[in-house]
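Enquirer: Whatever this is, show me its structure:
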Amino acid sequence: MKRFLILQLRPETDASDDEYAAILNKCGLAPDQTHRLRVDQMDIPADLDVTNYAGVIVGGGPGCVSDAPEQKSALDARIESQILRVMPQITEADHPFMGCCYGLGILAHHLGGEVSKAQFSEPVGPSVCTLMPDAVEDPLLEGLAAEFEVFVGHKEAVQSLPPGTVHLLSSAPCPMQMIRYGRNIYATQFHPEADARDFERRISVYRNHGYFPPEDADRLIEICHAANVTVPGEILRRFALRYG
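Expert: I've put the predicted structure just below:
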């Protein structure tokens, strides 16, 4: 069986390790069924062939594709350029892909969509997603509840449906919560790998990164534990099952 390529963008080791463990857990994968590559620490090999993998999963990160070049750190700029370099391979081959949060911005930007901070940012915490008409027969979403809670937290957002994509999930604060390009390329604004415990640890790591006032961390953790977030993990499990 081919392995899944897990591309991680978080420079904070504890957050990166937690995210990787969460992806394994929700996908039902063992470490030896994946190839983990921390793009913050090493370049993606120039000769990488994505078709050697069952699929590609891109995690979240603190970068923003909509930031002007002078606003990006050298590390954020390098991570972004590395990920964007492999996107043509993925879209041309319609190769299985799941972009989580930052991964949605990367996919939308690559496809010529507008990603900005103009509107639709969401504070850290739970949000309610609604299935769009095209989600009813999508293999990752069919049979799911019409509405369910997810965990979000992002400064930028996709402003409108990118060219050639299908709109799968929406929410009142942020319409573009999940899209599909082709048959096999997916991206979510929410974090499909995260449950309340994952978000508690992430809130602790990023409490001074501008997503929320640091003094709100404990309150946000309580809100996350009071939410009922279970469906997003099922979406990620279905992705791994379908393409593994």
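Enquirer: rest of the way, CA atoms for contacts and neighbours
Expert: OK.
Enquirer: In the chain, what residue spans correspond to strands?
Expert: 4-8, 34-38, 55-58, 97-100, 115-116, 122-131, 147-154, 157-158, 165-170, 178-181, 185-188 (DSSP state E).
Enquirer: Name every strand pairing with the fourth one and say which way it goes.
Expert: The strands that strand 97-100 pairs with in its sheet are strand 55-58 (parallel), strand 185-188 (parallel) (by DSSP bridges).
Enquirer: quick revisit: go through the strands of the chain and pick out the most buried.
Expert: Mean neighbour count (mean count of other C-alpha atoms under 10 Å) peaks for strand 157-158 among these, with a mean of 28.
Enquirer: Now do stretch 215-234, average pLDDT.
Expert: Regarding stretch 215-234, the rounded mean pLDDT is 95.
Enquirer: Enumerate the beta-bridge partners assigned to the residue minimising distance to the centre of the chain.
Expert: Note on the chain: the residue nearest the mean C-alpha position is C100, at 0.7 Å, using C-alpha atoms, centre = their mean. For C100, the beta-bridge partners are T188 (DSSP bridges).
Enquirer: V205 contacts T13, doesn't it?
Expert: No. V205 is not in contact with T13 according to C-alpha atoms under 8 Å; the separation is 9.9 Å.
Enquirer: all helices of the chain, in order?
Expert: Per DSSP state H, the chain carries helices over the ranges 13-27, 74-93, 102-110, 196-205, 217-226, 231-243.
Enquirer: Which residues does the third one contact?
Expert: Pointing back at helix 102-110 there. For helix 102-110, the surrounding residues in contact (C-alpha atoms under 8 Å, 6 or more residues apart in numbering) are 58-65, 80, 83-84, 87-88, 99, 114-115, 157-158, 162, 178, 187-189.
Enquirer: Great, nothing more from me.
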